[in-house]
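K.L.:
Below are the sequence and a predicted model for it; my questions follow.
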Amino acid sequence: MAGRAVPSQETVRSALALACRAPSVHNSQPWRWKVAEHSVHLYLDSSRLLPVLDPTGREMVISCGAALNHARIAFAAEGWKLRVHRLPNPAQPDHLASIEFTRLDEVDEHVVTLAAAAATRRSDRRPVPARSGPGRGPRALARGRAAGGLHAHVRLGRQDTPGVGTGD
Ligand SMILES: Cc1cc2nc3c(=O)[nH]c(=O)nc-3n(C[C@H](O)[C@H](O)[C@H](O)COP(=O)(O)O)c2cc1C
């Protein structure tokens, strides 16, 4: 459609590269992106199903949700707001989302910080120590929930930690 605002090819490429840094179940990265003239489409890549671990594919869809959220952050950091249509075609359940764009009036600094974090994030499979220095460990994680709108509930050993990290 003439006159419709769309990000440049370069912006789309770099934003989707960042989206692909999202965590996924066993790093299976079960997503595919299709770029159309005025929209971007997210598909589930069923060939990446882990039949034993994830027989229903639920974790694959959650992984694609993580990628979609990363895309939202990546585009926002470039000044674009996403209009997401979930499951736009009921006949094609693997077509998880179609995305259109509108221009943001201004870029939120917090989003730029999140995009930078997405670029460098990685998993750390070491056990989280119960006792750790200030600003580290599960209690710090729970405290940090407020900043990102997270809901964290910390369990240390067999006991819950009262007053720490239970959501709102
Ligand atoms: C739906 C889902 C389930 C996950 N389950 C686990 C898990 O049970 N244990 C774990 O250590 N990591 C889990 N992860 C994290 C992924 O294994 C990890 O993100 C992936 O190996 C990619 O590594 P990266 O985060 O360093 O990119 C999960 C991630 C997603 C999205």
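P.N.:
Here it is on my side, so go on.
K.L.:
Find the closest residue to the ligand in this structure.
P.N.:
Ranked by C-beta to the nearest ligand atom, the top residue of the chain for proximity to the ligand is residue 23, at 3.0 Å. (Each C-beta comes from the backbone N, C-alpha and C, glycine too.)
K.L.:
Which secondary structure element is home to the closest residue to residue 19 other than its chain neighbours?
P.N.:
Once flanking residues are discounted, residue 19 sits nearest to residue 71: 3.8 Å by C-beta to C-beta, 6 or more residues apart in numbering. Per DSSP states H and E, residue 71 falls inside helix 58-77.
K.L.:
Does that helix reach the ligand?
P.N.:
Yes. Using C-beta under 6 Å from any ligand atom, we find that helix 58-77 touches the ligand at 59, 62, 63, 66.
K.L.:
Quick one: buried ones out of those residues?
P.N.:
Neighbour-count burial (16 or more other C-beta atoms under 10 Å) is assigned, among those, to 59, 63, 66.
K.L.:
Show the contacting residues for the first one.
P.N.:
This means residue 59. Applying C-beta atoms under 8 Å, 6 or more residues apart in numbering to residue 59 gives the contacts 25, 50, 53.
K.L.:
And for the last one?
P.N.:
By C-beta under 8 Å, 6+ apart, residue 66 lies in contact with 22, 23, 24.
K.L.:
Kindly recompute the last result at 10 Å.
P.N.:
By C-beta atoms under 10 Å, 6 or more residues apart in numbering, residue 66 lies in contact with 19, 21, 22, 23, 24, 25, 31.
K.L.:
got it, and the second one?
P.N.:
Listed by C-beta under 10 Å, 6+ apart, the contact partners of residue 63 are 22-31, 44, 48, 54, 57.
K.L.:
Same list (these) but as TSV, adding secondary structure and neighbour count.
P.N.:
Converted to TSV, the contacts of residue 63 look like this (DSSP: H, G, I helix; E, B strand; the rest coil; neighbours: other C-beta atoms under 10 Å):
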residue	secondary structure	neighbour count
22	coil	21
23	coil	14
24	coil	19
25	helix	20
26	helix	12
27	helix	8
28	coil	17
29	coil	18
30	coil	25
31	strand	25
44	strand	21
48	helix	18
54	coil	19
57	coil	20
